[in-house]
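Asks: The sequence and its predicted three-dimensional model are supplied below.
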Amino acid sequence: MVDTAIFWVATIAYMAATFLLAWYGYRRTKTKEDYLLGGRAVKPWIIGLSYGATFISTSAIVGFGGTAAKLGMGLIWLTVLTIGVGVLIAFIVFGHPTRRLGQKLGALTFPDLMGKRFNSRFIRYAMGVLILIMMPLYASAVIIGGAQFINVTLNVNYQLALLGFAILTAAYVLRGGLLAVMYTDAFQGAVMVVGMSAVLIITYVSLGGIDTANLSLTNMSNLVPAGLAGKGMTGWTSMPTFGSEIWLTLITTIVMGVGVGVLAQPQLVVRFMTAKDSNVLDRAVPTGGLFIALMTGVAFTVGALTNVYFYKNYGMISTAYVPNVDQIIPKYINMAMPDVVIVIFMLTLLAAAMSTLSSIFHTMGSAAGHDLWYEWRKNKAKVAPTATSSMRASQWGMVIMIVASVSLAFLMPGDIIARTTAMFMGICASAFLPMFAYGLFSKKPYALAAQLSLVVGAATWFIWTVFFHAAESAVLGICKFFFGVTALLPAPWTVVDPLILAMPAAVIALGVGIIIARAKGMPAGDPA
């Protein structure tokens, strides 16, 4: 058990700083644009840290760290992809036109941006509904990751930890809006840098240095469980056999699902729209890139190296000593680190959870209040509701979605964090990304093409998830109910992620929609 005095002193100081920054953001929030977009005048280093802290959550640290303990350092390819795609391409290729288009159209959210770009209420409503259906899944994974560590570290009741995370985060997001979210994100990101750096350094020092630790892990390849070896795993420092079930899971679900899905996450797209000009976005790239490289690189490296620690001290690999993958990192930190580092790491997880949760809660509230209620009321009454009523609707929407997210977290089974995170990012890439790119880079986009892409991408993703991808279809039981089997196709199709089929299907639907629209002489969307 960690020293409770150290824990409470550090936690009180951390919470005091968080709520002070949230109060500062609240004081600067005067209008609806301030509440939803931070007034479009956020500083570059805050954008960079907020983007990174929003992207890197307890899912990445606890969930994917535990997955690295099971599958090895091949997850480092996700680090490569998140830097190349999630930062460089996201900011430079997508960020600049997103900012320009958002300012020209006066858009305040991602669904608002796409709805105005294509002059389509259907797109706005469909995106809002998808966010409200899928984002609680991601939120619950983030909450679970933090609660697992609190439970293991302080022996606090797991259910109480779940509620505590949600209530603390909601307390400042509800009132402060996006400025409160981004200011606290930046501070929480700094805490995460300190915590993860300490864990990496101590891990390598305790295992005899970088070369010795990595060589020890390489030499443990003969200890790969037979079940994993039979599916293609070759060791913790080498890639699985090409085309094997483990390789397909690692590449299609984890690396591709998360690494590509980052481009169309609503809570991240909004960050581009907070910048005053393109120069601000350019200056945010180094901060965001270095932050994400450190966070993911450390989580995946330390996760794999826990096998050396547990085998050296207890004669068992990580998954044998800690069967629940989501508890491997919490258990390792509590057993291998000094009290001060345990407290720092716990604050790191608090920061990771709260920074991501605050953005998710804000996005869900905006979708419910602005994209659905506000637009429905405006179109029904032909008179736009007041800015105050719109903000109130977003706050009430946030409350409802927080309750839904926490309720879902109570129902989730073990070993679920990495899986649900990849699911959320996969549906974002499948349903939103082709349409998003088309709206940004086409001079005269057709609404029909975007609508078809969104519907086909989402439908293909859901169908493959329910009837073919065993990780979900077996749990959902719908395929079993109708057809008597957990998945309609044999391995290796059962481990091919829905994204791999859904995103190409969405791109094809986009092309078909363009052809149909041109053939029928349909008017293009706003030629911004």
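Replies: Perfect, thanks for sending it. Computed from a prediction, not measured in an experiment: that's the story for all the values here.
Asks: check contacts around residue 223.
Replies: Contacts here follow CB atoms under 8 Å, 6 or more residues apart in numbering; on that basis residue 223 touches 307, 311, 317. All C-beta spots, glycine's among them, are computed from the backbone N, C-alpha and C.
Asks: ok, now with 7 Å
Replies: residue 317 (CB atoms under 7 Å, 6 or more residues apart in numbering).
Asks: Ok, residue 354 next?
Replies: 168-169, 188.
Asks: Quick check: helices, which of those are part of them?
Replies: The helices, defined by DSSP state H, take in 168-169, 188 from the contacts of residue 354.
Asks: So which of the residues you listed is surrounded by the most neighbours?
Replies: Neighbour counts for those, by other CB atoms under 10 Å, peak at residue 169, which reaches 30 neighbours.
Asks: May I see the buried residues of the helix or strand where residue 394 lies?
Replies: For residue 394, the element it lies in under DSSP states H and E is helix 387-411. Within helix 387-411, the residues that qualify as buried are 390-391, 393-395, 397-398, 401-402, 404-406, 408-409, counting by 16 or more other CB atoms under 10 Å.
Asks: Can you give the contact residues for stretch 469-478?
Replies: So stretch 469-478 is contacted by 419, 465-467, 479, 486-487, 494-495, 497-498 (CB under 7 Å, 6+ apart).
Asks: go again using 8 Å as the cut-off
Replies: Contacts of stretch 469-478 (CB under 8 Å, 6+ apart): 253, 413, 419, 423, 465-467, 479-480, 486-487, 494-498.
Asks: Just the closest of these to residue 107, please.
Replies: residue 423 (26.7 Å; CB to CB).
Asks: What ranges in the stretch 251-400 of the chain fall below the confidence cut-off?
Replies: Flagging of the stretch 251-400 of the chain using pLDDT under 70 yields the residue ranges 381-390.
Asks: Please identify which of the contacts of residue 354 is nearest to residue 196.
Replies: Taking CB to CB as the measure, residue 196 sits nearest to residue 188 out of the contacts of residue 354, at 12.4 Å.
Asks: I figured residue 507 was touching residue 453, is that so?
Replies: Yes. At 7.3 Å, residue 507 counts as touching residue 453 under the criterion of CB atoms under 8 Å.
Asks: Mutual contacts of those two, please.
Replies: Contact criterion CB under 8 Å, 6+ apart; residues shared by residue 507 and residue 453: residue 434.
Asks: Any chance of TSV for the buried residues of helix 387-411, columns distance to residue 23?
Replies: Converted to TSV, the buried residues of helix 387-411 look like this (distance: CB to CB, whole Å):
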residue	distance to residue 23
390	23
391	17
393	23
394	19
395	17
397	23
398	18
401	23
402	20
404	27
405	24
406	24
408	30
409	28
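Asks: Most widely separated two among these?
Replies: Longest span within the buried residues of helix 387-411, CB to CB: 390 and 409, 28.6 Å.
Asks: give me every residue that touches the residue nearest to residue 63 when sequence neighbours are not counted.
Replies: Of all residues not flanking residue 63 in the chain, residue 417 sits nearest, at 2.8 Å (CB to CB, 6 or more residues apart in numbering). Residues in contact with residue 417, defined by CB under 8 Å, 6+ apart, are 58-59, 62-64, 66, 141, 144-145, 326.
Asks: Dump the residues you listed to TSV, plus distance to residue 434, secondary structure and neighbour count.
Replies: Shown next, in TSV, are these (distance: CB to CB, whole Å; DSSP: H, G, I helix; E, B strand; the rest coil; neighbours: other CB atoms under 10 Å):
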residue	distance to residue 434	secondary structure	neighbour count
58	30	helix	33
59	25	helix	31
62	32	helix	32
63	27	helix	30
64	26	helix	29
66	32	helix	30
141	25	helix	29
144	31	helix	27
145	30	helix	32
326	32	helix	26
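Asks: Looking at the residues you listed, spot the one nearest residue 459.
Replies: Among those, and counting by CB to CB, the member closest to residue 459 is residue 141, at 23.6 Å.
Asks: how close does the closest residue in space to that closest one that isn't next to it in sequence get to residue 142?
Replies: The shortest distance from residue 141 to any non-neighbouring residue, by CB to CB, 6+ apart, is to residue 420 (4.1 Å). Residue 420 sits 9 Å away from residue 142 when distances are taken as CB to CB, to the nearest Å.
Asks: Which residues are in contact with each of the two?
Replies: With CB under 8 Å, 6+ apart as the test, residue 420 and residue 142 both reach residue 59.
Asks: Tell me which of the two has more neighbours.
Replies: Taking other CB under 10 Å, residue 420 and residue 142 do not tie; residue 142 has more neighbours (31 against 24).
Asks: Please tell me I have it right and the more buried one contacts residue 353.
Replies: Yes. Counting by CB under 8 Å, residue 353 is a contact partner of residue 142 at 5.4 Å.
Asks: Can you pull the residues that touch both of those two?
Replies: In contact with both residue 142 and residue 353: 57-58, using CB under 8 Å, 6+ apart.
Asks: before we move on, the earlier item: could you check which of residue 507 and residue 453 has the larger neighbour count?
Replies: Neighbours were counted for residue 507 and for residue 453 using other CB under 10 Å; residue 453 has more, 31 against 18.
Asks: Show me which residues of the host helix or strand of the more buried one are buried.
Replies: Secondary structure from DSSP H and E places residue 453 in helix 447-467. Within helix 447-467, the residues scored as buried using 16+ other CB under 10 Å are 447-462, 464-467.
Asks: average model confidence for the next helix or strand after that helix?
Replies: Once helix 447-467 ends, the next helix or strand along the chain (criterion: DSSP H and E) is helix 470-476. Helix 470-476 carries an average pLDDT of 87.
Asks: sorry, back to before: what's the closest of the contacts of residue 354 to residue 134?
Replies: Minimum distance to residue 134 across these is 19.1 Å, recorded for residue 169 (CB to CB).
Asks: and the closest one, how far is that from residue 322?
Replies: Separation of residue 169 from residue 322 (CB to CB) stands at 27 Å.
Asks: now swap in residue 242 and tell me
Replies: 29 Å.
Asks: cool, and residue 316?
Replies: Residue 316 is 9 Å from residue 322, by CB to CB.
Asks: Ok, residue 347 next?
Replies: According to CB to CB, residue 347 and residue 322 sit 22 Å apart.
Asks: and the closest residue to residue 44 other than its chain neighbours, what element?
Replies: Leaving aside its chain neighbours, residue 44 sits nearest to residue 283 (3.7 Å; criterion: CB to CB, 6+ apart). Using DSSP H and E, residue 283 falls within helix 278-314.
Asks: could you point out which element follows that helix?
Replies: Helices and strands here follow DSSP H and E; after helix 278-314, the next one along the chain is helix 318-321.
Asks: Name the residues of that following helix that come out as buried.
Replies: 318-319, 321.
Asks: give me the number of residues near the closest residue to residue 261 other than its chain neighbours?
Replies: Excluding the flanking residues, the one nearest residue 261 by CB to CB, 6+ apart is residue 425, at 2.8 Å. Around residue 425 there are 27 other residues, counting by other CB under 10 Å.
Asks: and what of residue 159?
Replies: Residues near residue 159, counting by other CB under 10 Å, number 13.
Asks: mind checking how far it is from residue 66?
Replies: 21 Å.
Asks: Burial check on residue 202, number of neighbours?
Replies: 16.
Asks: Could you look up the SS state of it?
Replies: helix (DSSP: H, G, I helix; E, B strand; the rest coil).
Asks: Could I get the contacting residues of residue 244?
Replies: 231-233, 492 are the contacts of residue 244 under CB under 8 Å, 6+ apart.
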